[in-house]
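[1] Just need the structure, nothing else, for what follows:
(chains A and B)
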Amino acid sequence: SAVISQKPSRDICQRGTSLTIQCQVDSQVTMMFWYRQQPGQSLTLIATANQGSEATYESGFVIDKFPISRPNLTFSTLTVSNMSPEDSSIYLCSVEAYGGEGGTGELFFGEGSRLTVL
Amino acid sequence: EDQVTQSPEALRLQEGESSSLNCSYTVSGLRGLFWYRQDPGKGPEFLFTLYSAGEEKEKERLKATLTKKESFLHITAPKPEDSATYLCAVQARGDDKIIFGKGTRLHILP
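    Residues are numbered from 1 along each chain as shown, chains lettered A, B, ... in the order given. Next comes the predicted model:
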């Protein structure tokens, strides 16, 4: 298992500002995933962050809007840039459990960061 | 395109009233189907992985089953503490991405 800590747990932000969410894992992991969960919607993958390389973004998400850092194997940040009310959401960091044959598909999640943009 | 559809969106049951949640999926070669539980204000918590049609997994009052097109999460004699949102997700072979459904909000009344 993995324990994931996210900061901040919640924040209220003004339109046009940027906010950085931090994700700390208690063990070294290769990939870290950033998800968004909008009210009444499913979890949507924003990007996959590998240590030592550029993050891979999913369709509809761009680096200028959601820059990601991955400085080491236990830490990552997601920045939500130039925020608008449509960015109000829960942002979740997750890592995958690994078995003898690689990734298991089982994800561990942080508690999430609830952002409200006014 | 890989897709996951869950039904119903919400379900209210009396304590002890058994029922099932449905997860229909479309994926180009299933690597795994996953069930998660999410409590308000928390991240999802892993429950089960199913890999092939006919497979079943159980945990306390929950049992997950899988066919080639859908999965069911059966809840037997539920208790109020089983109230949560239950999420279904799939992963295709050769893909790291895991796709989630919108979830079923389950409320068990005492």
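
[2] Could you report the separation of A:Leu92 from B:Tyr36?
    With distances taken as Cβ to Cβ, to the nearest Å, A:Leu92 is found 11 Å from B:Tyr36. (C-beta placed from N, C-alpha, C; glycine too.)

[3] er, A:Leu73 actually
    Distance, A:Leu73 to B:Tyr36, using Cβ to Cβ: 25 Å.

[4] More neighbours: which of these two?
    Between A:Leu73 and B:Tyr36, B:Tyr36 has the larger neighbour count (other Cβ atoms under 10 Å in any protein chain shown), namely 24 against 15.

[5] Report the spatially closest residue to that one, excluding sequence-adjacent ones.
    B:Pro44 (3.9 Å; Cβ to Cβ, 6 or more residues apart in numbering or on different chains).

[6] Which neighbours do A:Leu92 and B:Tyr36 have in common?
    Residues within reach of A:Leu92 and of B:Tyr36 at once, by Cβ atoms under 8 Å, 6 or more residues apart in numbering or on different chains, are B:Pro44.

[7] hey, which helix or strand in chain A has the poorest pLDDT?
    Here the helix or strand of chain A ranked lowest by mean pLDDT, DSSP states H and E is strand A:102-109, holding a mean of 80.

[8] Contacts only, for residue 19.
    With no chain named, the answer covers chain A. A:Leu19 makes contacts with A:Asp11, A:Cys13, A:Thr79, A:Val80, A:Met83, A:Leu115, as judged by Cβ under 8 Å, 6+ apart.

[9] wait, chain B
    Contact partners of B:Ser19, counting by Cβ under 8 Å, 6+ apart, are B:Leu11, B:Leu13, B:His74, B:Ile75, B:Pro78.
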